[in-house]
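J.: next come a sequence and a model predicted from it.
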Amino acid sequence: MSGLAVLQLTDSHFLAEAHQEMLGINTEKYFLSVLRQAFEHGQQYDLIIFSGDLAQDPCPESYQRLREHLSRYNVPVLCLPGNHDDFELMQALLNTDMISCTKQRLFDHWQIICLNSQVPNEPGGYLANSELAFLEKSLQDYPQHHALIAVHHNCTPTHSDWMDTMMISNSAALLALLKNYPQAKVIITGHIHQELAQQVQHLHIFGTPSTCFQFTPTSRDFSISKTAPGYRQLLLHADGTFETSIGRLDLILHELKLDKGYASDNP
Ligand SMILES: [Fe+2]
């Protein structure tokens, strides 16, 4: 069945230099492997959504290398910030014909709305009134379009205590707003470095694996899992239905080293 083909990439945690590692792994190497696999067998996409924590080191070099890697695929990319990103720098550097930090894109039957849940220098998320107002206006402007909303932080609990202290703290306001807009069908998030699928009211909410290391689902405390890096594919149909699946590299992250510099209170 045809539809709008979307690839979600998230939490690539690029470091300042390509050879650098965190937790014992080279985050860039796995990002490149994920990209290669996502495009295998001639798979094509209408859009890539990059849902935050693009960089662990939010410096020009990190974003420039990401831009170069993504440019090779010639697919439009929308980037939104995570808690580790420098959004101003992202907007300055991820700004080509194909790659941007544009907050809204309209297709024939769907609109894509990207929200900024970043709180500068805080690991947790929050949606400012301006973000909620932007969301509501976008939905009001295009009532006939189905909507997919992308945001970095999770807006529902993952049942991982340490992780849930960092979810969007005013997510109740987000969900209350969306209750009035049945055309809002899907929310996709990053931040939690794991797969998640939930339904709240008419909304289907999905968390997506990081392109590098994963957190252990339902763990009460900070815990890294050896599960493989991954990505999410979505096929959005004209009638508002959709299909989605997770792809993962065929490996186990044996080289993870938990003593290799990672602040568990700022994932
Ligand atoms: Fe992350």
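T.: Thanks, I have it. This one's a predicted model, so the numbers in the text were calculated from it and none came from an experiment. Numbering: from 1, shown residues only.
J.: and residue 63, that's in a strand?
T.: No - using DSSP: H, G, I helix; E, B strand; the rest coil, the assignment for residue 63 is helix, not a strand.
J.: what's the distance between residue 202 and the ion?
T.: Per C-beta to the ion, to the nearest Å, residue 202 is found 28 Å from the ion. Backbone N, C-alpha and C define where each C-beta goes, glycine included.
J.: can you tell me how far residue 220 is from the ion?
T.: Taken as C-beta to the ion, the span from residue 220 to the ion is 19 Å.
J.: tell me where the chain has strands.
T.: Assigned by DSSP state E, the chain shows strands spanning 4-9, 47-51, 77-80, 99-100, 104-106, 110-114, 146-151, 184-189, 196-200, 203-207, 214-215, 224-225, 230-236, 242-248.
J.: I'd like those as CSV, with mean neighbour count and mean pLDDT appended.
T.: Below are these laid out as CSV (neighbours: other C-beta atoms under 10 Å; pLDDT from 0 to 100):
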stretch, mean neighbour count, mean pLDDT
strand 4-9, 23, 98
strand 47-51, 25, 98
strand 77-80, 25, 98
strand 99-100, 20, 98
strand 104-106, 16, 98
strand 110-114, 24, 98
strand 146-151, 25, 98
strand 184-189, 23, 98
strand 196-200, 13, 97
strand 203-207, 20, 98
strand 214-215, 24, 93
strand 224-225, 18, 90
strand 230-236, 21, 98
strand 242-248, 15, 98
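J.: looking at these, which is closest to residue 25?
T.: strand 224-225 (10.0 Å; C-beta to C-beta).
J.: each with direction, which strands does the closest one pair with?
T.: strand 214-215 (antiparallel) (DSSP bridges).
J.: which other residues reach the strand it pairs with?
T.: 160, 163, 192-194, 222-230, 253, 267 (C-beta atoms under 8 Å, 6 or more residues apart in numbering).
J.: please redo it, this time with the cut-off set to 6 Å
T.: Residues from elsewhere that reach strand 214-215 (C-beta atoms under 6 Å, 6 or more residues apart in numbering): 193-194, 225, 227.
J.: nearest to the ion among those?
T.: residue 193 (5.8 Å; C-beta to the ion).
J.: which ones are touching the closest one?
T.: 11, 210, 214-215 are the contacts of residue 193 under C-beta under 6 Å, 6+ apart.
J.: go again with 10 Å.
T.: Applying C-beta atoms under 10 Å, 6 or more residues apart in numbering to residue 193 gives the contacts 10-11, 13, 53, 163, 207-217, 224-225, 227, 229-230, 267.
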